[in-house]
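Engineer: here are the coordinates; sequence isn't available:
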């Protein structure tokens with residue numbers, strides 16, 4: 001999917017998360033927006049269309065976004081499969097379920113008691129204010145939906161943005177640990193920068209398109225898993241030739 005050189009500005013947000021840093025090699029410098037657009041093109045050529053996020057319904061996507069906190073996707077899939085087997089994959093069913101039954105279904109995802117409370121809080125919100133469906137959220141814009149999701153117990157910025165983008169198809173960019181690590185190692189941002197500051201780099205660089213935001217975030221996650229690990233594999237990384245902008249942050 002091609003990325004135009006200019007776009008309208010979108011929303012910014014706030015929060016913070018720290019990751020390790022290590023600079024990537026490079027010579028000529030680019031401003032952050034040009035760097036991000038180049039990153040998108042390089043990774044899109046390397047990986048193609050990743051079609052993320054997996055899920056059969058918007059609610060299943062939202063459940064996955066809540067359960068993926070502090071675990072890997074394979075464990076989330078096991079928990080979602082349990083919910084399906086127990087006929088618990090709906091807001092009304094989760095709200096009406098007994099604690100023990102819901103916790104047992106969520107056990108593979110880890111921290112299942114905590115996640116049970118978070119999932120129940122989300123389901124309760126949908127039942128009380130949205131007619132028990134994700135579609136009840138759709139009428140409003142991304143910023144309004146996001147603000148409401150952040151009032152729900154256990155839903156932070158990354159989770160809220162994942163629900164808005166992947167579950168509802170609204171244009172908001174998702175920032176995660178992989179995104180931070182990649183930008184820090186290329187000198188685009190620093191560990192102390194807020195969630196919103198990092199998010200704004202992508203909002204200013206890319207078209208305000210759910211499809212572009214979806215693909216860009218998916219590409220960052222994939223290259224983070226494959227190459228930009230805690231112990232990076234820079235030599236074979238498709239971003240190894242990318243260059244940092246002048247005056248960029250990040251540790252050498």
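Structural biologist: In hand now; what should we look at? Note that this is a predicted model, so its numbers are computed, not measured.

Engineer: going forward, measure contacts between C-alpha atoms and count neighbours the same way
Structural biologist: Fine.

Engineer: tally up the residues packed near residue 151, please.
Structural biologist: Using other Cα atoms under 10 Å, residue 151 has 13 other residues around it.

Engineer: assign it to helix, strand or coil.
Structural biologist: Following DSSP: H, G, I helix; E, B strand; the rest coil, residue 151 is assigned to coil.

Engineer: geometric centre of this protein: which residue is closest?
Structural biologist: Nearest to the mean C-alpha position of the chain, by Cα atoms, centre = their mean, lies residue 174 at 3.9 Å.

Engineer: which one is it nearest to, not counting chain neighbours?
Structural biologist: In this structure, residue 174 finds its nearest non-sequential neighbour in residue 161, 5.5 Å apart by Cα to Cα, 6 or more residues apart in numbering.

Engineer: tell me the contacts of the one you found?
Structural biologist: If a contact means Cα atoms under 8 Å, 6 or more residues apart in numbering, then residue 161 has 146, 172, 173, 174 as its contacts.

Engineer: for stretch 223-238, what is the distance to the chain centroid?
Structural biologist: 19 Å (Cα atoms, centre = their mean, to the nearest Å).

Engineer: what is the end-to-end distance of that stretch?
Structural biologist: 8 Å (Cα to Cα, to the nearest Å).

Engineer: and the contacts of that stretch?
Structural biologist: Applying Cα under 8 Å, 6+ apart, the contact partners of stretch 223-238 are 20, 24, 42, 43, 46, 178, 179, 181, 182, 240.

Engineer: do that again at 6 Å, thanks
Structural biologist: 178, 240 (Cα atoms under 6 Å, 6 or more residues apart in numbering).

Engineer: ok so, going back, now the residue nearest to the centre of the chain: which helix or strand?
Structural biologist: Per DSSP states H and E: residue 174 is located in neither a helix nor a strand.

Engineer: before we move on, what about residue 102?
Structural biologist: helix 99-106.

Engineer: tell me the mean pLDDT for that helix?
Structural biologist: On average, the pLDDT along helix 99-106 is 95.

Engineer: how far is that helix from where the chain is centred?
Structural biologist: 26 Å.

Engineer: span of stretch 197-211 from start to end?
Structural biologist: 22 Å.

Engineer: before we move on, what about stretch 132-144?
Structural biologist: Length of stretch 132-144, first residue to last, Cα to Cα: 18 Å.
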